[in-house]
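S.K.: Whatever this is, show me its structure:
(one chain, ligands or ions: 2)
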Amino acid sequence: MPGETVWLFGLPCSGKTTLAEGLIGPNTVHLDGDYLRNTLNSDLGFSKEDRTENLRRAAGIAQALNEQGFDVVASFITPYRSQRELIDEKLEDVSFVYVNAPVEVCEDRDVKGMYERARNGEIDGFTGVDAPFEEPEEVELEVRTATRSKEAGIETINRELALKFDPSHIFIGRWQPLHDGHRTIIDSAADNGKDVIIAIRDTELSEENPFTAKERRELIEDVYADHPNVETMIIPDVDTVAIGRNVGYSVVSVPEEVAQISGTDTRNRYGKRELLAGRHLED
Ligand SMILES: Nc1ncnc2c1ncn2[C@@H]1O[C@H](COP(=O)(O)OS(=O)(=O)O)[C@@H](OP(=O)(O)O)[C@H]1O
Ligand SMILES: Nc1ncnc2c1ncn2[C@@H]1O[C@H](COP(=O)(O)OP(=O)(O)O)[C@@H](O)[C@H]1O
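M.R.: Ligands and ions are numbered 1, 2, ... in the order given. Presented below is the predicted three-dimensional model:
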């Protein structure tokens with residue numbers, strides 16, 4: 001199934017990168033203006049033509065990734081309407097998000113001191129100072145970052161684009177007990193507003209499986225108490241998961257660094273009561 005692209009655009013320091021980082025899930029690739037300009041596009045400057053070329057290349061990468069089934073979150077100033085139109089034409093499935101903050105607020109944030117350098121005449125053609133940013137005529141989705149929190153912005157984007165992004169994730173496991181490795185993968189979905197189901201296999205008690213399903217559920221529910229989008233479900237102790245092909249969901253593997261975190265080691269290092277109290281978990 002092809003992926004889709006969310007394209008965040010706005011002034012420097014409006015919050016594009018910050019919001020994009022909150023939207024990244026297990027099947028999502030983040031393309032950021034600043035990063036690409038220091039790598040693939042280091043040959044380009046900031047004339048209108050160079051910006052268009054920068055964005056043409058970025059859209060080309062997004063297109064290739066989408067065709068291979070990855071979702072893309074792109075964060076670029078994208079200052080001209082014509083550039084946004086070009087991207088819209090190039091990408092099959094793209095949603096634009098206008099990351100909107102008044103230039104005074106952006107300048108106040110001045111994350112990298114670029115506005116100050118532009119004001120001092122050290123940079124020519126800086127967007128918002130002496131290069132244009134064309135406001136969108138029609139706004140598909142707008143997030144105001146001067147008056148709303150980063151979390152609210154991420155939540156809005158996820159909610160508004162929910163029909164376009166895969167709306168829920170299911171994690172099937174023993175969770176004997178939940179440890180920080182598990183939390184890394186669950187959090188990557190839950191923290192960006194996806195609805196997550198943690199399915200707990202109802203294993204028989206043994207040395208390997210010292211906790212009942214109810215005990216494990218209670219720990220997980222405590223840890224995710226402030227995540228209304230995380231639910232638990234006790235399921236039978238399945239030994240096979242049969243999956244379809246082209247049926248509307250994708251199957252993702254646990255990253256290697258997470259797979260290496262061992263439940264057995266965790267169980268050996270802590271007593272049962274400490275584990276059930278979550279003392280083995282980082283804050
Ligand atoms: N002249 C000028 N104008 C605007 N921005 C400048 C300029 N020179 C360097 N930078 C830094 O480059 C980052 C923006 O790159 P983008 O690829 O997003 O820009 S564009 O879409 O091609 O216009 C941008 O980073 P962000 O602040 O993350 O947006 C700037 O820090
Ligand atoms: N509501 C908000 N949304 C996003 N960023 C915010 C918000 N409020 C304050 N900020 C801060 O503004 C800065 C935006 O920087 P950054 O994300 O690098 O912007 P951009 O990628 O648009 O240049 C960060 O320091 C971020 O913490």
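S.K.: Pull the contacting residues for the closest residue to ligand 2 within the chain.
M.R.: Nearest residue of the chain to ligand 2 (Cβ to the nearest ligand atom) works out as G15 at 2.7 Å. C-beta coordinates here come from the backbone N, C-alpha and C atoms, glycine included. Neighbouring residues of G15 by Cβ atoms under 8 Å, 6 or more residues apart in numbering: 99, 101, 143, 145, 150, 153.
S.K.: swap in G125?
M.R.: Neighbours of G125 in contact, by Cβ under 8 Å, 6+ apart: 46-47, 131.
S.K.: ditto for R183
M.R.: 223, 281.
S.K.: ok, now which ones touch the most centrally placed residue in the chain?
M.R.: For the chain, I24 is the residue whose C-alpha lies nearest the centre (Cα atoms, centre = their mean; 1.4 Å). Going by Cβ under 8 Å, 6+ apart, I24 touches 30, 73, 188, 192.
S.K.: Pull up the gap between it and ligand 1, please.
M.R.: From I24 across to ligand 1, the span is 16 Å (Cβ to the nearest ligand atom, to the nearest Å).
S.K.: swap in V105?
M.R.: 13 Å.
S.K.: which SS class is that residue?
M.R.: Three-state assignment for V105 (DSSP: H, G, I helix; E, B strand; the rest coil): helix.
S.K.: Spatially nearest residue to it, not counting backbone neighbours?
M.R.: A146 (4.3 Å; Cβ to Cβ, 6 or more residues apart in numbering).
S.K.: Show the pLDDT at that neighbour.
M.R.: Per-residue confidence (pLDDT) for A146: 97.
S.K.: Same check on D265?
M.R.: 87.
S.K.: neighbours of it, just the number please.
M.R.: 11 (other Cβ atoms under 10 Å).
S.K.: Could you look up the next helix or strand downstream of the host helix or strand of it?
M.R.: If you go by DSSP states H and E, D265 is part of helix 263-269. Per DSSP H and E, helix 263-269 leads on to helix 272-276 as the next helix or strand towards the C-terminus.
S.K.: just to revisit the earlier point, would you agree the residue nearest to V105 falls within a helix?
M.R.: No: secondary structure of A146 (three-state DSSP): coil, not part of a helix.
S.K.: Contacts only, for it.
M.R.: A146 neighbours (Cβ under 8 Å, 6+ apart): 100-102, 105.
S.K.: Need the nearest residue in space to E208, chain neighbours excluded.
M.R.: Counting by Cβ to Cβ, 6+ apart, Q176 is the residue found nearest to E208 once chain neighbours are left out, at 7.0 Å.
S.K.: Got the phi and psi for the residue of the chain found nearest ligand 1?
M.R.: Using Cβ to the nearest ligand atom, G33 is the residue of the chain that sits closest to ligand 1, at 2.2 Å. Dihedral angles of G33 (phi, psi; degrees, to the nearest 10) stand at phi -50, psi -50.
S.K.: can you list the residues of this protein near ligand 2?
M.R.: Contacts of the chain with ligand 2, taken as Cβ under 6 Å from any ligand atom, map to 10, 12-19, 75, 109, 111, 145, 148-150, 153.
S.K.: List only buried entries from the residues you listed.
M.R.: Taking 16 or more other Cβ atoms under 10 Å as the criterion, what is buried in those is 10, 12-19, 75, 109, 145, 153.
S.K.: List the buried residues of the helix or strand that contains V143.
M.R.: In this structure, V143 is located in strand 142-144 according to DSSP H and E. By neighbour count on 16+ other Cβ under 10 Å, the buried set for strand 142-144 is 143-144.
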